[in-house]
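J.: Give me a model of this one.
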Amino acid sequence: MDEYPLIENHGLIGDLQTAALVTSDGVVDWFCCPRFDSPSVFGALLDKGKGGHCTVRPAHATYATKQLYLPDTAVLVTRFMTEAGAGEVVDFMPLTGTTVTARHRLVRMVRCVRGSMTFDVDIAPRFDYGRKPHELNLTQNGAVFTADGTTLTVHTIREPDDERLGHLLTAGDRDVHLTLNLRAGQQRGLILESAADGPPRQIRLTEYEELFHATIGFWRNWLSGSRYTGRWREAVERSAVTLKLMTYAPSGAVVAAPTTGLPEQLGGERNWDYRYTWIRDASFSVYALLGMGFTEEAQAFIGWLGDRIEERAGEQGETGPLNIMYAVDGSSDLKEESLDHWEGYERSSPVRIGNGAATQLQMDIYGEALDSISFAQRHGIHLGYRGWKGLIHVLDWLAEHWDSADEGLWETRGGAQDFTYGRVMSWVAFDRALRLADVSGRPAPAQHWSGARDRIFQQIMEKGWNEERGAFVQHYGSRVLDSSLLRMPTVGFLTPQDPMWGSTLDAMEQELVSDSLVYRYNPEASPDGLRGSEGTFSLCTFMYVDALARAGRIDQARLVLEKMLGYANHLGLYSEEIDLTGRQLGNFPQAFTHLALIDAAITLDAALNRGSAP
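T.: You can find the predicted model right below:
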């Protein structure tokens with residue numbers, strides 16, 4: 001691998017316990033196993049020399065590529081075209097179910113569809129982020145890579161009487177390199193299997209076709225549950241499939257992204273591990289999922305959230321009864337370390353695994369958790385009695401600590417502040433708790449909660465508003481704007497038609513919006529403790545669309561959305577940020593961005609249908 005592919009030049013496949021990235025020219029350069037946050041097996045995305053990869057591409061010096069998903073699925077097709085022929089690689093991961101397993105399969109079927117084509121195939125795993133050496137054992141039907149008890153088995157897909165079209169060039173001492181010479185109509189394939197229960201075997205086409213059709217059937221059956229019939233349906237449904245791909249089926253938790261270390265600024269240090277479940281991000285996913293009719297997924301996450309609330313019920317302390325993020329199984333030891341032996345994507349170091357922000361105090365998560373629980377209840381998803389008792393303990397803690405400085409939504413490392421957004425979401429927490437108690441008829445200290453809610457509201461109006469700016473600001477005593485406050489009307493803190501909100505929206509447009517793309521904040525005006533800058537934040541652009549639509553600025557909202565849809569990659573996927581050249585930056589794909597796309601499309605579609613804001 002000579003150079004790094006663009007971040008956006010990837011597709012995502014997965015089996016709902018882990019996932020892999022495939023470049024637009026046939027390289028699997030990111031794959032962790034056995035789950036999203038496990039050590040990598042292929043990691044060339046973060047170190048092209050030491051990370052490991054599985055490559056299938058034409059031997060021809062020049063070729064054109066196209067990449068697409070089979071309609072309504074997560075089955076990825078990468079097509080190669082030369083004057084001599086055309087071929088394709090079909091990549092997918094058969095579903096594993098909801099039982100935790102170390103066995104995962106990555107299927108790579110290679111076909112020639114016109115003329116003839118020779119493919120080079122390289123299988124070069126590097127276990128444990130390239131830190132563990134491995135042994136290679138070749139057999140007649142494939143190969144086994146073994147590293148300290150971890151195995152990756154390569155099975156071949158072919159009929160017993162097929163002529164041998166593959167030619168082993170050299171295995172070296174740890175990698176497999178071979179060529180496939182195919183003519184139109186011919187196909188051969190590989191299945192890479194972790195924790196296989198037997199040696200490599202020859203897999204017949206009938207077995208492959210069963211896996212292929214079962215995987216297609218799963219995705220099409222799942223997507224048929226969508227109730228969304230509005231505008232931008234293709235983008236919305238692709239975002240839904242992407243969110244599903246980032247869901248850990250055994251627990252229902254949604255990871256923020258399946259990658260770590262992809263930079264927010266090329267060559268910079270803003271490189272974080274997003275392979276965990278943030279209370280905030282996953283809570284937002286409840287709105288997107290239920291907005292499309294995916295009740296089962298929303299219910300699974302609410303159950304996961306309820307477990308987090310129950311397990312620390314009654315605990316006190318400065319960090320609060322909830323962590324801001326967890327591993328997908330609910331564990332919370334996310335110690336941050338750097339992989340100093342890796343150079344990072346385009347030499348953007350350090351490459352981090354784990355996340356030191358896990359211990360931060362971020363007050364907004366309580367409002368997001370309560371809001372998602374309240375929204376789910378309106379759709380028939382209820383928290384049990386033990387969950388309710390846990391919520392009472394959460395609100396008791398929040399009543400004592402809501403007026404605390406914290407690190408804020410964006411996990412800055414520049415010191416605690418009195419962030420306005422954190423106060424808004426604390427208001428939301430008490431407001432939704434009161435509504436839940438009223439609707440369910442459950443016992444609650446309603447007067448205590450109501451008093452806290454009202455005090456928070458009054459404080460925000462007095463300290464969060466900057467008269468000179470004519471806007472609500474990032475934190476008390478500052479002049480800095482922050483796009484997190486685009487959610488103020490969404491959560492009902494202000495009405496979209498409130499003059500104070502209209503003035504805030506105007507101020508944001510002048511300072512945070514660049515050709516319809518939205519920055520989180522200005523780090524020069526509000527130092528965040530990190531060097532360098534960052535691109536526009538795609539989540540915030542979709543939140544801007546939502547806010548414009550709610551404020552009745554329908555034509556403007558539609559233009560911003562259409563522009564933003566043009567920044568998606570060739571498959572409709574988004575990373576975290578977009579730089580000045582239109583290049584995608586940050587971890588990829590990002591759940592936050594895709595769920596915000598769904599929310600924005602639903603809100604704007606409803607506004608267009610009504611001729612005004614919903």
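J.: Now do the same contact list for residue 551.
T.: Neighbouring residues of residue 551 by Cβ atoms under 8 Å, 6 or more residues apart in numbering: 489, 496, 497, 501, 502, 505, 613. Heads up, the C-betas are built off the backbone N, CA and C, glycines and all.
J.: Based on its surroundings, how many neighbours for the second one?
T.: Using other Cβ atoms under 10 Å, residue 496 has 20 neighbouring residues.
J.: Next: the fourth one.
T.: Other residues lying near residue 501 total 22 when counted by other Cβ under 10 Å.
J.: A helix includes it, no?
T.: Yes: per DSSP: H, G, I helix; E, B strand; the rest coil, residue 501 lies within a helix segment.
J.: Was I right to think it contacts residue 492?
T.: No: taking contacts as Cβ atoms under 8 Å, residue 501 lies outside contact range of residue 492: 11.6 Å.
J.: And the one helix or strand residue 285 maps to, what's buried?
T.: Here residue 285, judged by DSSP states H and E, is contained in helix 279-292. In terms of neighbour count (16 or more other Cβ atoms under 10 Å), helix 279-292 has its buried residues at 279-292.
J.: For the protein, just list every one of the helices.
T.: 127-130, 205-223, 233-245, 279-292, 295-311, 364-378, 385-401, 420-440, 446-459, 499-511, 538-550, 554-565, 591-610 (DSSP state H).
J.: where are the low-confidence patches of this structure?
T.: Residues of the chain meeting the criterion pLDDT under 70: 1-2, 169, 171, 313-318, 412-413, 523-533, 612-614.
J.: And residue 136, how far from residue 125?
T.: 9 Å (Cβ to Cβ, to the nearest Å).
J.: between the two, who's got more neighbours?
T.: Taking other Cβ under 10 Å, residue 136 and residue 125 do not tie; residue 125 has more neighbours (27 against 17).
J.: What are the neighbouring residues in contact with that one?
T.: Residue 125 touches 41, 42, 52, 54, 134, 145, 147, 152, counting by Cβ under 8 Å, 6+ apart.
J.: again, only using 6 Å
T.: Contacts for residue 125 were tallied using Cβ atoms under 6 Å, 6 or more residues apart in numbering; they are 41, 52, 145, 152.
J.: Does residue 574 touch residue 536 like I think?
T.: No: using Cβ atoms under 6 Å, residue 574 makes no contact with residue 536, being 11.6 Å away.
J.: the more surrounded of these two?
T.: residue 574 (30 against 24).
J.: Spatially nearest residue to the more buried one, not counting backbone neighbours?
T.: residue 593 (4.3 Å; Cβ to Cβ, 6 or more residues apart in numbering).
J.: Could I get the contacting residues of the one you found?
T.: Per Cβ under 6 Å, 6+ apart, neighbours of residue 593: 538, 539, 574.
J.: is the closest residue to residue 173 other than its chain neighbours in a bridge, and if so with what?
T.: Closest residue to residue 173 apart from its sequence neighbours, by Cβ to Cβ, 6+ apart: residue 136 at 6.8 Å. For residue 136, the beta-bridge partners are residue 145 (DSSP bridges).
J.: Residue 136 contacts residue 174, correct?
T.: Yes: here residue 136 reaches residue 174: they are 5.1 Å apart, a contact under Cβ under 6 Å.
J.: Mind listing the shared neighbours of those two?
T.: Here residue 136 and residue 174 have no joint contacts, going by Cβ under 6 Å, 6+ apart.
J.: ok, now which ones touch the residue lying closest to residue 548 once chain neighbours are set aside?
T.: Closest residue to residue 548 apart from its sequence neighbours, by Cβ to Cβ, 6+ apart: residue 557 at 3.6 Å. With contacts defined as Cβ under 6 Å, 6+ apart, residue 557 is in contact with 545, 548, 549, 604.
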